[in-house]
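> sequence first, then the predicted structure:
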There are 2 protein chains.
Amino acid sequence: MTSVSEIEIIDALKLKTFDNHYQNIIQGIGDDGAITSINPDYHLVTTTDAISEGVHYPKGIEAKAIGHRCLAVNLSDMAAMGAKPLWASLVFSRPSIDQMWLEQFISGFSELANKHHVTLIGGDTISGPELFSVTLQGIVPKNKSIRRSTAKNGDLVYVTGFLGNASQGLKIIQEDKKNSSSEKLIEDFLYPNPRLKESSVISRFATSMIDISDGFYSDLQKVMKASNVGAEIKISDLPISESLLKKMPRVDAVNAALFGGDDYELCFTIPREFKKDFHEDYQLTNSTCITCVGEIKQKNLLLLDDNNKEFKLSGRAFEHF
Amino acid sequence: MTSVSEIEIIDALKLKTFDNHYQNIIQGIGDDGAITSINPDYHLVTTTDAISEGVHYPKGIEAKAIGHRCLAVNLSDMAAMGAKPLWASLVFSRPSIDQMWLEQFISGFSELANKHHVTLIGGDTISGPELFSVTLQGIVPKNKSIRRSTAKNGDLVYVTGFLGNASQGLKIIQEDKKNSSSEKLIEDFLYPNPRLKESSVISRFATSMIDISDGFYSDLQKVMKASNVGAEIKISDLPISESLLKKMPRVDAVNAALFGGDDYELCFTIPREFKKDFHEDYQLTNSTCITCVGEIKQKNLLLLDDNNKEFKLSGRAFEHF
C-alpha cells in the first residue's frame, strides 16, 4: 500500500475538480482561506479546519478546550486573511456525549464565538468518531485580503506574541509533568488566542500573512514558496517567553520557537517604509507584542542567522516537537 | 452518564451562541441550509453534512461511492433550499490512504462536482478517523429560497422519484445478499442523485421543500412542525419502484417508502392553483417522475390514508430500517 501525503491529496483534488465553472473564485485551495466574489464591495472568505483527538489534541483534555480549539483554529485562519469572521458551521462527531461534557464544550465554543461576534448558522451532529470541524465564513473589503503569495523582497518579517509556548504546553500535558511553572505554557496550548484584533491593524499595512499552526519555520516557508522569495531570520530576535526560558536551555527554546506547532500567532511582512506608521497605529489599539524577526530576500532560501553564524538545525528540530 | 440527543445538542448550541451579532442571518439553524444576506440581489446558502463509516455507509463500500456521497448529501440540501451550489470545502479524514482508494474517492467526488458546476475551494485533510464532511455554498435570488416553515393548509404534497429503494439497497449490502435483481436498489443507495435540475423548476412554484434523508414519514413531519400544519398522505399514491416491489410484499415496500432513509428525493408542497402550470413547466425540462401523495391540513397530525382506512404503523416501521 502506497501512503499518500496531505499535499498529494490536495493536488489530486485540485486537478480533478475544475475551478473554471464560476469565475468568481479569487483564491481557491492554497491559502489560509478561500476568497470568493459575491458582493460589489466585499469578498467572502471561507476557512475550514477540523480537529481530531490524538491528532490535534491529546485524549482526556477538558471539553471546554476542545470547543474553544475547533473555532479558534478557524478564527486564526480568518485573521491571517485579514477578514472579519461572521458565520460558523460546526460538525460535531463523538461516539457518546454526557451532559456535562457537552456543556463544557459549548461554553468553550460559545465564549469564543461571542467574543468575536460569530454566529453558529448550521452544521451536523453525528454519533461517530471524535472529530470536530468548523467552516467559518467572513468578509473582507474587496481586494483587501492578505495572501501568502505577495511578500516582496526587502519586506520586514514580523510575528505576533511569543513562539514555542504551545508545543511545550502540549508536551507537558502528554508527559503528565504539570506543575505551577508550566501553567502558562499549558494554557497557551489549550486556549489559543486568535489574533483578530491585531489582524485588523496589521492587514492595513501587510503585504503577506499566514497563521503559525505548523511552526514558524514551516509556515514561513509556505509564504516564501507562494511568494517565490526567501528570508533571513535573526535567531536572537525570535520572541521567546520567560515562561519557556524558565523550563529549558535557550537553544531548546529557540528550537521550540522555530519548529513547535500550535502557536496560532500571525507571521506577516511589512514594507520597510511603513514600519513607523505601522508601529504607531498598532500600538494605539493593541497590547500583544509584535516582533520584527528578519527580512524577505530575493533568493529562495531560508537563512537562520545566529549572531552572524548560520543556526545549526538539530536532528531534533525536524521531529516538529 | 446521561446520553444527549442530536436535537438537544443543537438546541444547547443555539441557546449559547447568540444569533444577534449580525443582522444579516435570514435563516440560521433549523433548515436544510443557512441563508445569509451578502449581496443586494442574492442570498448566500450554506449547507454542512458529514458522513462517517458505520453511521452513514457500511464498511467496505467502494471509495467512489463515498466520494460521491459526501458531496451528494450536501447538493441535496442545496436543492431542497432551491439554491444553486457553487463552492465546496471538504474535510477528508482517514487513518491511511492508498493511491487507488484516493483516486476512486476523487473520481466519485469530482464527477458529481463537475456535473453540477461545483468547485472545491478548500478544506482540510487529516490522518484521523474515517469521516468526510462537506460545506457547500450556493446562491439563490433574494427571498426565493424555499424553506421548511412555509407550507400552507390545502397545499398539495409531492415527492420526486421513488421512495424506499435506497434503504433496501443498504440492507442488501449489509446482509451481503446482492444479486442481479438488487442492482438498481444498491445503485440507488450508493449513488444518490441530488435533484438540482428538478429543484430549479419546483422552486418556482413550491411553498416549502425538504430533502428526504431520514425517511419520508420523518422528514415530512419536520415540514409540518416548522410550518405548524398537518398532512394527509394517500398510501396508495406513494411512488414505489418495480425494483422494490419485485423484492418484497407491497406492505413491506410501503414501510420502506415511509420509513427508509437515504432516498435523497425532494418532498415539497405546491398550492393547488399552480398544479397545472407546475406540471407543464416541470415536464418541459425534467424526466424524473413527480408524484402528488397527499395534502397539507390545518390540524397538526400526520394521517396515513390506506384506501379510506388508517394505515397501521407496524413495530418494524419504527426501526427506521
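Sure thing, it's come through.
> quick check, pLDDT for the closest residue to chain B within the stretch 51-200 of chain A.
Ranking the residues of the stretch 51-200 of chain A by distance to chain B (CB to the nearest CB) places residue A:129 first, at 3.2 Å. (Each C-beta comes from the backbone N, C-alpha and C, glycine too.) At residue A:129 the predicted local distance difference test score is 93.
> in chain A, which helix or strand is least confident?
Taking mean pLDDT, DSSP states H and E as the measure, the helix or strand of chain A with the lowest value is helix A:6-16, at a mean of 76.
> what is it packed up against?
In this structure, helix A:6-16 packs against strand B:84-93, helix B:99-115, strand B:119-126, with contacts taken as 3 or more CB pairs under 8 Å, 6 or more residues apart in numbering or on different chains; DSSP states H and E.
> after it, which helix or strand is next?
Once the chain leaves helix A:6-16, the next helix or strand it forms, by DSSP states H and E, is strand A:25-27.
> what residues does that next one touch?
For strand A:25-27, the surrounding residues in contact (CB atoms under 8 Å, 6 or more residues apart in numbering or on different chains) are A:19, A:33, A:34, A:35, A:36, A:37, A:43, A:145, A:147, B:87, B:119, B:121.
> apply 10 Å and report the result again.
Strand A:25-27 has contacts (CB atoms under 10 Å, 6 or more residues apart in numbering or on different chains) with A:19, A:33-37, A:43-46, A:81, A:142-143, A:145, A:147-149, B:86-87, B:119, B:121-122.
> give me phi/psi at the residue most central in space within chain A?
When CA atoms, centre = their mean is applied to chain A, the residue found nearest the centroid is residue A:211 (3.0 Å). Reported as degrees, to the nearest 10, the phi and psi values for residue A:211 are phi -100, psi 150.
> what about the helices in the stretch 201-321 of chain A?
In the stretch 201-321 of chain A, helices defined by DSSP state H, counting those that start in this stretch lie at A:216-227, A:242-247, A:250-259, A:275-285, listed in chain order.
> of all the ones you listed, which one is nearest chain B?
The nearest among the helices of the stretch 201-321 of chain A, by CB to the nearest CB, is helix A:216-227 at 14.6 Å.
> as a whole number, average confidence for the closest one?
Model confidence over helix A:216-227 averages 97 on the pLDDT scale.
> quick one: residue A:156 from residue A:231, how far?
Between residue A:156 and residue A:231 the distance is 10 Å, computed by CB to CB, to the nearest Å.
> same check, this time on residue A:176
Look at residue A:176 and residue A:231: by CB to CB, they are 37 Å apart.
> and for residue A:53?
As for residue A:53, its distance to residue A:231 is 35 Å (criterion: CB to CB).
> which of these two has more neighbours?
Comparing residue A:53 with residue A:231 by other CB atoms under 10 Å in any protein chain shown, the one with more neighbours is residue A:231, at 25 against 18.
> what are the bridge partners for that one, then?
Taking DSSP bridges, one obtains residue A:296, residue A:302 as the residues bridged to residue A:231.
> distance check, it against residue A:103.
Residue A:231 sits at a distance of 45 Å from residue A:103 (criterion: CB to CB).
> what does residue A:253 give?
Where residue A:103 is concerned, residue A:253 sits at a distance of 37 Å (CB to CB).
> between the two, tell me which one has more neighbours.
Comparing residue A:253 with residue A:103 by neighbour count (other CB under 10 Å), the higher total belongs to residue A:253, at 24 against 16.
> is it true that residue A:97 lies in a helix?
No - for residue A:97, which was evaluated using DSSP: H, G, I helix; E, B strand; the rest coil, the result is coil, with no helix membership.
> quick one: the residue nearest to the centre of chain A and residue A:199 touch, right?
Yes - between residue A:211 and residue A:199 a contact is recorded at 9.2 Å, counting by CB atoms under 10 Å.
> need the overlap of contacts for the two.
Between them, residue A:211 and residue A:199 share the contacting residues A:75, A:76, A:78, A:79, A:80, A:81, A:160, A:266, A:268, judged by CB under 10 Å, 6+ apart.
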